[in-house]
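Asker: Sequence plus predicted model, see below.
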Amino acid sequence: MRLTKERVIPNLMKSNNGLLIEHIKRYEFASKFVKGRVLDIACGAGYGSQILLDGDKAGSINHIVGVDIDNETIEYAKNNYSNKKFIYLVNDATSPSLTAELGNFDTIVSFETLEHVKNDITFIDNLEKLLNPSGNLIISTPFGRGRGMPCSNPYHMHQYKEEEFVHLLRRFNSIDMYYQRNETIEKAIENKKYYLMVAVCSN
C-alpha cells in the first residue's frame with residue numbers, strides 16, 4: 001500500500017511520527033463518546049476501528065462500519081484490522097444514496113475528511129441524515145484561512161476558520177468544541193495556538 005503525505009498507515013510509519021501520534025490521539029479522544037452502531041467515514045487504513053474498540057471499556061459498541069472511497073485502502077483495512085465487530089465498505093461520503101445504503105448510526109467519527117471534500121455541504125448533510133436521534137458526531141478539521149481560499153496543502157479543498165466550521169455544523173442540536181495541538185486535545189486555553197478543531201455534535 002502506498003504511503004502518501006495524507007495517508008496514515010501505522011505499520012509503515014515510525015511510532016514517533018507526529019502525524020501518526022496526532023491521529024491516534026483523536027481516535028482515543030473519540031472513544032469516550034462512541035456507542036452502539038458506529039460509522040468511521042473516510043476510515044483509511046482501518047487502525048481507528050481498533051483504537052475505538054480498545055477504548056470501549058463499557059462494551060457499548062455493537063459494531064463499527066469503516067467506509068472509504070479507495071478500494072485499495074479498504075482491502076488493506078480488511079487484511080490488517082479484522083474483527084467480528086468490523087465491517088469495511090467502499091463508498092463515497094457525498095453519495096446521495098449513502099443513508100439508504102448504510103443505514104443509521106449512533107456514533108459517527110469523521111477525522112480529517114471535511115477539508116478534502118469539494119462539496120462539503122453535501123457531506124455534512126449526509127452526516128446529519130446518517131446520525132440517529134441522540135447520536136454523537138465527532139468531527140475534526142485543521143484551521144485555515146477560510147473556506148474556498150487557497151492553501152498550501154495540495155490535498156485540501158478547503159481549510160476553515162472556526163466560525164465557518166461551526167456554521168457548517170449548525171444543523172446539529174449541540175456543538176461542543178475542542179482544540180488539538182500535537183498530542184493534546186482540550187478546551188481552548190487563552191493565547192494558546194492550536195492547529196486543529198474537534199467538534200462533538202449531538203442530534
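Answerer: It's in.

Asker: what about this structure, any weak spots by pLDDT?
Answerer: 1-6, 146, 153-156 (pLDDT under 70).

Asker: repeat that with 80
Answerer: Scanning the chain for pLDDT under 80 picks out the ranges 1-7, 145-146, 148-157.

Asker: Kindly list the longest strand within it.
Answerer: Counting by DSSP state E, the longest strand found in the chain is strand 131-142.

Asker: List the buried residues in the next helix or strand after it.
Answerer: Next helix or strand after strand 131-142 toward the C-terminus (DSSP states H and E): helix 162-168. If you call a residue buried by 16 or more other C-beta atoms under 10 Å, then helix 162-168 has these buried ones: 162, 164-165, 168. All C-beta spots, glycine's among them, are computed from the backbone N, C-alpha and C.

Asker: Which two among these are spaced furthest apart?
Answerer: Pairwise distances among these were taken by C-beta to C-beta; the largest, 11.0 Å, belongs to 162 and 168.

Asker: got a list of contacts for the lengthiest helix in the chain?
Answerer: In the chain, with assignment by DSSP state H, the single longest helix is helix 18-30. Contacts to helix 18-30, defined as C-beta atoms under 8 Å, 6 or more residues apart in numbering, come from residues 8, 10, 13-14, 47-48, 51-52, 55, 109, 111-112, 138, 140, 178, 180, 182-185, 196, 198.

Asker: Quick check on these: which are buried?
Answerer: Neighbour-count burial (16+ other C-beta under 10 Å) is assigned, among the contacts of helix 18-30, to 8, 10, 47-48, 51-52, 55, 109, 111-112, 138, 140, 178, 180, 185, 196, 198.

Asker: Return the subset of these lying in helices.
Answerer: Members of the buried ones among the contacts of helix 18-30 lying in helices (criterion: DSSP H): 47-48, 51-52.
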